[in-house]
Structure formats: structure tokens, C-alpha cells
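Trainee: dropping a prediction and its sequence here:
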Amino acid sequence: MGHIPTFSPGDLAVLVAVADAGSSREAASALGRTPAAVSYAIGRLERDAGFPILARPSYRTQFTRRGEALASRARSVLHELEALGSLAAVLASGVEPRWVLVVDRAISQPIWSSIAKAIAHSFPNTELEVRGADGNDAFQLLASGYAQAAIVMDYACGDPVPGFEYQQMGKIEFVEVMNNRQSADPAGAHLPEIVIGGDFPHDRPHQVANRVKVSDRSVQLGLVLDGLGWGRLPKELVAAHIARGDLVVMPNSRTVDYSFSICRKSDAIGPVADLVWLCAGLPITQAVM
């Protein structure tokens, strides 16, 4: 193998800034540098790489195909360097400076709020974000590196993914409901099923072609309430609507228990990570320390 070039992280940051801004001049302004300094950094990268990154001559900033490939990979490298810096900060201070917990919106608040309270109480200097998501979006936010842990429905994770670990926390009861006005409609059995776009298909194969996919559970509930179709929703979420008569349980329907788990990357490190994992295994009333 020939000579493998090494690149300065500072030069890579310039490269990504030019790609994001669309011009060297705007990148220079965003970085607080002179256009000459940006041009010099790009020229140094070209010498190190051994090929042109920008197309010349050109009246505007235009990347070569190899330049685009390098810029795309540089962006990933800079993200990894940022993650490395965050890990170093954790190892140096002993406490994670920031923690993001993603929660499927089907999960009841007492479950995830007990974990959030434990973090806030034990580590007041850790910046905490709790973000709601639906279907497999919750797991994808974890897999992308945005979050440190995610509480998700088990079917959203699919088969166990290498590099992640899981701890089952409990089950949620789902019920099939429709708008009360539709219950007397003979055509009600042919109404479309309204599902979360990323959710695992429900066990009604004859309904597969008659399905409306939506972005989240609030939209799903709203469309069921409006009478567009029927949906399988968390019983806790629709209990009040059933009590008021806005929704009715579908004839011949059944309740289904779905398991949910907390998951994280296997290399999660730090006292907040340990606390979250401990709290997830405790009864809700014991989670706040």
C-alpha cells in the first residue's frame, strides 16, 4: 500500500464548512477566517490527498466528485472526533455533561419521568433532554448517536442489534378502537387501519392494503377520533375517550400486550449511564433516589 495521507482536523472542518456553505467566501465568514486562509486550507488538503477537491477554473465553488466523497467522509470523521471529545470529558470529570433519553410516546409518563427525576436529583450539572418519538424512530435516534438511551416498544427494535444491550421494563396494553359514529356502520369492518409509519405491521394480513400510515401517535389518535379509520392504540391513551363515548372498542377486537425495553449502546460509560440502567430495572416507586 502506498503513502496514506493524514489530515488536520482543522482543515477537515474548513472542508465541511465550504461544502455546507456552498462557497469559500461564505465558509470563511462562518468560520471567522479570511477567504485566503480558507483557500490555503483547501489547497493543503488537495496536496495531502493528491487530487483536486474543487473544480477549477470555475466562477463559483464547485466540488469534484472525489472532493464530494472526501467532504462527506470528513463530516463523519468530525462527528466521531466530537464524540471522542465528549467521552474524554466524561472520563476526565467522571460525569457525563449531557444525557439524552428518547421515549416512545406510548410509554406512560411515570415510567420515564422517574428516570429523569433520578438523573436531575443525582447529577444536577448534567444537561438532560427527554425527547418523545414513535415507532422505530426512537431506536433510530439512539442508533444515530443522538441519544444515550431509548425506551422503546420491543417490536420497534426488531431482532437484537450487535453493539446494543436491552433490558425489558414491562408491558403496555393496546386496544383496537374506532369512532363511536362508525360503530353502527356496516362498512365499519372495511375501514382503513391507521398505523404509525415505522411500526411493526399488525397481525391482520387482510388489512395490509387498506392502511393509512401516519407520523406519530397524536396524529393516529386524531384521525381515529375524526372517523377516518380504526387504530390499535395504548389503552391508557384512549381510556378517557372511551369513557366519554368518543371512541368504542371495535367488535371482535382483542387487547394486545406489547413489551417495552430500555436500550443503549454496549459501550455506554459513566455514572449517569449506570444510574439510568439501575432505575430501569426498579419498580417505578423506587426509581427516584
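Mentor: Perfect, I can see it now. Residues are numbered from 1 along each chain as shown.

Trainee: only C-alpha atoms for contact and neighbour calcs from this point on.
Mentor: OK.

Trainee: which residues in the chain form helices?
Mentor: Under the criterion DSSP state H, helices of the chain are mapped to 9-21, 24-31, 35-49, 65-93, 109-122, 137-143, 154-157, 217-226, 235-244, 271-280.

Trainee: rank those helices by mean pLDDT and give me the bottom one.
Mentor: Lowest mean pLDDT of those: helix 154-157, a mean of 76.

Trainee: how far is that one from where the chain is centred?
Mentor: 13 Å (Cα atoms, centre = their mean, to the nearest Å).

Trainee: ditto for stretch 222-232
Mentor: Between the centre of stretch 222-232 and the centre of its chain there are 26 Å (Cα atoms, centre = their mean).

Trainee: span of it from start to end?
Mentor: Start-to-end span of stretch 222-232 (Cα to Cα, to the nearest Å) is 13 Å.

Trainee: again with stretch 242-257
Mentor: Note: stretch 242-257 ends 18 Å apart using Cα to Cα.

Trainee: and for stretch 159-167?
Mentor: 14 Å.

Trainee: let's have the helices of the chain in JSON lines, adding mean neighbour count and distance to Asp257.
Mentor: As requested, the helices of the chain are exported to JSON lines (neighbours: other Cα atoms under 10 Å; distance: least, Cα to Cα, whole Å):
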{"stretch": "helix 9-21", "mean neighbour count": "19", "distance to Asp257": "46"}
{"stretch": "helix 24-31", "mean neighbour count": "18", "distance to Asp257": "52"}
{"stretch": "helix 35-49", "mean neighbour count": "17", "distance to Asp257": "56"}
{"stretch": "helix 65-93", "mean neighbour count": "15", "distance to Asp257": "37"}
{"stretch": "helix 109-122", "mean neighbour count": "17", "distance to Asp257": "17"}
{"stretch": "helix 137-143", "mean neighbour count": "22", "distance to Asp257": "19"}
{"stretch": "helix 154-157", "mean neighbour count": "20", "distance to Asp257": "11"}
{"stretch": "helix 217-226", "mean neighbour count": "19", "distance to Asp257": "17"}
{"stretch": "helix 235-244", "mean neighbour count": "15", "distance to Asp257": "10"}
{"stretch": "helix 271-280", "mean neighbour count": "18", "distance to Asp257": "19"}
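
Trainee: which neighbouring elements make contact with the strand ranked longest in the chain?
Mentor: When the chain is scanned for its longest strand (criterion: DSSP state E), the result is strand 164-179. With contacts taken as 3 or more Cα pairs under 8 Å, 6 or more residues apart in numbering; DSSP states H and E, strand 164-179 sits against helix 217-226, strand 231-234, helix 235-244, strand 247-249, strand 256-265.

Trainee: wait, which of the helices of the chain is closest to Asn179?
Mentor: helix 217-226 (5.4 Å; Cα to Cα).

Trainee: before we move on, back to that, could I get the helices of the chain as TSV with distance to Ile194?
Mentor: Compiled in TSV, the helices of the chain are given as follows (distance: least, Cα to Cα, whole Å):
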stretch	distance to Ile194
helix 9-21	38
helix 24-31	45
helix 35-49	51
helix 65-93	37
helix 109-122	24
helix 137-143	17
helix 154-157	17
helix 217-226	6
helix 235-244	15
helix 271-280	31
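
Trainee: quick one: closest of those to Glu193.
Mentor: Comparing the helices of the chain by their distance to Glu193 (Cα to Cα), the top pick is helix 217-226, with 9.1 Å.
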